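Peer 1: have a look at this prediction, sequence included:
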Amino acid sequence: MDILSKLILESFLLGIGIFGNLTGLVVFSRKRLKNFPPRKMFFALAVVDSSFLAFTVISNFIFYENISLRASFQAACKIYNYTGYFLSPISSWLLVFISFHRFISIAFQNPTLLNKPMLQIIVIMVIVVYNLILYSPILFFSGLANSTKRNSTACDYHDPNSYLLITIIELINAVVLPFILMLVLSLLLIRTIVKSKLKIIRMKNRSDKNKLRKSIKFAVSSIFSNIFFLTLNLPSAITNIIDIINVKVDLRSVREYLFCVYLFSFCVNFYILFCFNSVFRNEVFIMFGLRKIQYRVQ
């Protein structure tokens, strides 16, 4: 991929991603969605995805402008590497919890505990702190180092073993575990949705029927988020595995394409929710002045 094509593609992805995530932030901040479950989790997801995209914009600016800020001093180099690693897994773990929330809400129909904002805030804090601690070795193992691949004073790892350790941690925490949990929860959600549709037929209370239908639509959006995450992250995960087992395959020519695919996973959650959740979609229309009907969140 030539530099111009790479710049155009990445700029397009960053544009739609930042627009979607920032729109989601505004929508989830509105009082009308105060009872939207799990509102706090989606707000945090939009913050994390926006932060990762902003980090990518800064990285691209540094690269294309040939700015040597990363190599100016040790602290900047360590923080740069650290930020790039710990941000992305937070998004995947938030998606796992959202899927879990959807499964509980449909299976038991009244997840009052999981809907409590304070509990959601606690879960978000646990996920963030967990990743901050997990990737803290980067602050010790990375820094300014001579490298034949980049500039002589590039941000790199002091030895191959430390890079291998971080790569394995990243693979397990950001890919393998979320992959497994998302697959399991998606299958459970599909099974629960099928049972719930049969349950709707037997329900007599109209309000209960509508509530369960909304939960099912919400669960469908969660399943699609999981599918997109798995599909968009799998190519990068395979290349990481190839690197770890030292297979003599030159993937440099495809890594730039794979990064764009990976980047798209931080752009797509807003659009999935917009397509499959009528409450969120109506609020977006109202916010942009495209609909004046007052939509009441149950």
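Peer 2: Thanks, I have it.
Peer 1: please count neighbours and contacts with C-alpha atoms only from this point.
Peer 2: OK.
Peer 1: contacting residues for the most centrally placed residue in the chain?
Peer 2: When the chain is reduced to its mean C-alpha position, the nearest residue by C-alpha atoms, centre = their mean turns out to be residue 91, at 3.2 Å. By C-alpha atoms under 8 Å, 6 or more residues apart in numbering, the contact list for residue 91 reads 45, 48-49, 266.
Peer 1: quick check: what element follows the helix or strand containing it along the chain?
Peer 2: In the assignment (DSSP states H and E), residue 91 maps to helix 74-108. Helices and strands here follow DSSP H and E; after helix 74-108, the next one along the chain is helix 117-134.
Peer 1: can I assume residue 36 sits in a strand?
Peer 2: No: assessed with DSSP: H, G, I helix; E, B strand; the rest coil, residue 36 is coil; it does not lie in a strand.
Peer 1: distance of it from residue 104?
Peer 2: Noted for residue 36: a distance of 15 Å to residue 104, by C-alpha to C-alpha, to the nearest Å.
Peer 1: so who does residue 265 touch?
Peer 2: Residue 265 touches 228-229, 232-233, counting by C-alpha under 8 Å, 6+ apart.
Peer 1: same question for the helix or strand containing residue 180, mean pLDDT?
Peer 2: Using DSSP H and E, residue 180 maps to helix 177-202. Across helix 177-202, pLDDT averages out at 78.
Peer 1: next: stretch 282-298.
Peer 2: pLDDT averaged over stretch 282-298 gives 69.
Peer 1: with stretch 226-240 instead?
Peer 2: Confidence for stretch 226-240, expressed as mean pLDDT, is 81.
Peer 1: list the buried residues for the helix or strand hosting residue 9?
Peer 2: Applying DSSP H and E as the criterion places residue 9 in helix 3-29. Buried residues in helix 3-29, counted by 16 or more other C-alpha atoms under 10 Å: 10, 13-14, 16-18, 20-25, 27-28.
Peer 1: what does stretch 167-176 give?
Peer 2: If you call a residue buried by 16+ other C-alpha under 10 Å, then stretch 167-176 has these buried ones: 167, 170-171, 173-175.
Peer 1: contacts for it, please.
Peer 2: Contact with stretch 167-176 is made by 85, 88-89, 92, 233, 237, 240-241, 244, as judged by C-alpha under 8 Å, 6+ apart.
Peer 1: redo the buried residues of helix 3-29 as CSV? Include pLDDT.
Peer 2: Below are the buried residues of helix 3-29 laid out as CSV (pLDDT from 0 to 100):
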residue, pLDDT
10, 82
13, 88
14, 88
16, 93
17, 92
18, 91
20, 92
21, 93
22, 92
23, 92
24, 90
25, 90
27, 89
28, 87
